[in-house]
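Trainee: would you be able to build a 3D model of this:
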Amino acid sequence: MEHVSKPINPQAVGQKVGPLLFSYRWQDAALYALGIGAGPDDLPYVYEGAPGDPPMRVYPSFALIPAYEACKALFEHVGGDFSGVLHGAQILRAHRPLPPQGTLSVVGMVQGIWDLRRLAQVALRVDVWDEQGSALLAESEWVLLYLNDGGFGGAPPPKSPRIHIPEREPDWRESIPTSPSQALLYRLSGDLNPLHADPRVAQKAASVTKGRPILHGLCTYGIVLRTILRRECDNNPARFHSFEARFSRPVWPGDTILVSAWREGEKVLIDARTKEHPDEPILTNAWAKCST
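Mentor: Numbers count the residues shown, from 1 in each chain. Modelled structure (predicted):
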């Protein structure tokens, strides 16, 4: 569906879409895993297995893929100038592991539209259920910044708690290289924005991209989540509970992502930046939770 620019509509809060059905094969889950950097060391997520093996595992962040169509439908209700939209933050809460293949039922809602004077902030919520709509598998919240739609007279957004990184050595560090073709691979899972593939489009947004296609924010999010899953959840999606992060700076395909983590109570606090720009975080206010 092509998005046509129209005035932002604060009355869209509460608007719902769905249930929308999303069917996928194990190959789709494996392709997503490869898109967020999985490889031979992550075989349970990229290989369907031999007869008698346990079922293939699915990364919890794959639940964001069936949410795309619900988000697109909600964008039509929200309105606004979509050419000026940036992905501000992402929250994912997992309730049970996703099956390696099947059909999911997806429901979306406009959670909030707030005025930041020069820009607007929009929050969408998307719930992913089993096909019958009887078991909630995952819920996600998408925070979007509309750069050209502020000043409509609405209320400011509620303040969210700030995560403060401890002044001590992290409990672990991880260095994750991305490939020059990472964005081209990730986009095959559904996010076909040409900003991540076409240098001509990237050049038009040079103030953000420096004239080069950038990695999808949700690809970066998935790469970091994959690392958290392995380091904190014994690589078991059944132990993953949630991951929340704000997008602060782009990553370019070929960059190396540096993740540091601090265990603080039930939370794992995350700092992520790149080897190429170590003084500039790519994710902020980021934390995850895994069950024991």
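Trainee: pretty sure residue 77 is touching residue 16, no?
Mentor: No. Counting by C-beta atoms under 8 Å, residue 77 sits too far from residue 16 to count as a contact (9.1 Å). From N, CA and C alone the C-beta is placed, and that goes for glycine too.
Trainee: the more surrounded of these two?
Mentor: Between residue 77 and residue 16, residue 77 has the larger neighbour count (other C-beta atoms under 10 Å), namely 18 against 14.
Trainee: what pLDDT does residue 151 get?
Mentor: Note for residue 151: predicted pLDDT of 85.
Trainee: so how far is residue 47 from it?
Mentor: According to C-beta to C-beta, to the nearest Å, residue 151 and residue 47 sit 52 Å apart.
Trainee: so what are the domain limits for this structure?
Mentor: 10-146, 172-290 (automatic domain parsing).
Trainee: ranges for the strands of the stretch 51-200 of the chain?
Mentor: Assignment of strands within the stretch 51-200 of the chain using DSSP state E, counting those that start in this stretch yields the ranges 85-94, 102-115, 120-130, 136-146, 172-177.
Trainee: turn the ones you listed into JSON lines, columns for distance to residue 72, mean neighbour count and mean pLDDT.
Mentor: Formatted as JSON lines, the strands of the stretch 51-200 of the chain follow (distance: least, C-beta to C-beta, whole Å; neighbours: other C-beta atoms under 10 Å; pLDDT from 0 to 100):
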{"stretch": "strand 85-94", "distance to residue 72": "12", "mean neighbour count": "20", "mean pLDDT": "93"}
{"stretch": "strand 102-115", "distance to residue 72": "9", "mean neighbour count": "20", "mean pLDDT": "96"}
{"stretch": "strand 120-130", "distance to residue 72": "10", "mean neighbour count": "22", "mean pLDDT": "96"}
{"stretch": "strand 136-146", "distance to residue 72": "11", "mean neighbour count": "20", "mean pLDDT": "95"}
{"stretch": "strand 172-177", "distance to residue 72": "30", "mean neighbour count": "14", "mean pLDDT": "97"}
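Trainee: how about TSV for the ones you listed, with distance to residue 11 added?
Mentor: Converted to TSV, the strands of the stretch 51-200 of the chain look like this (distance: least, C-beta to C-beta, whole Å):
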stretch	distance to residue 11
strand 85-94	19
strand 102-115	9
strand 120-130	13
strand 136-146	15
strand 172-177	43
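Trainee: among the ones you listed, which is nearest residue 193?
Mentor: strand 85-94 (10.2 Å; C-beta to C-beta).
Trainee: tilt between the closest one and strand 120-130?
Mentor: 30 degrees (axes from the mean of the first three to the mean of the last three C-alpha atoms, to 10 degrees).
Trainee: could you give the angle of strand 85-94 to strand 136-146?
Mentor: Relative orientation of strand 85-94 and strand 136-146, computed by the same axes, to 10 degrees: 160 degrees.
Trainee: could you say what helices and strands strand 85-94 packs with?
Mentor: strand 136-146, helix 217-232, strand 240-247 (3 or more C-beta pairs under 8 Å, 6 or more residues apart in numbering; DSSP states H and E).
Trainee: cool, thanks, talk later.
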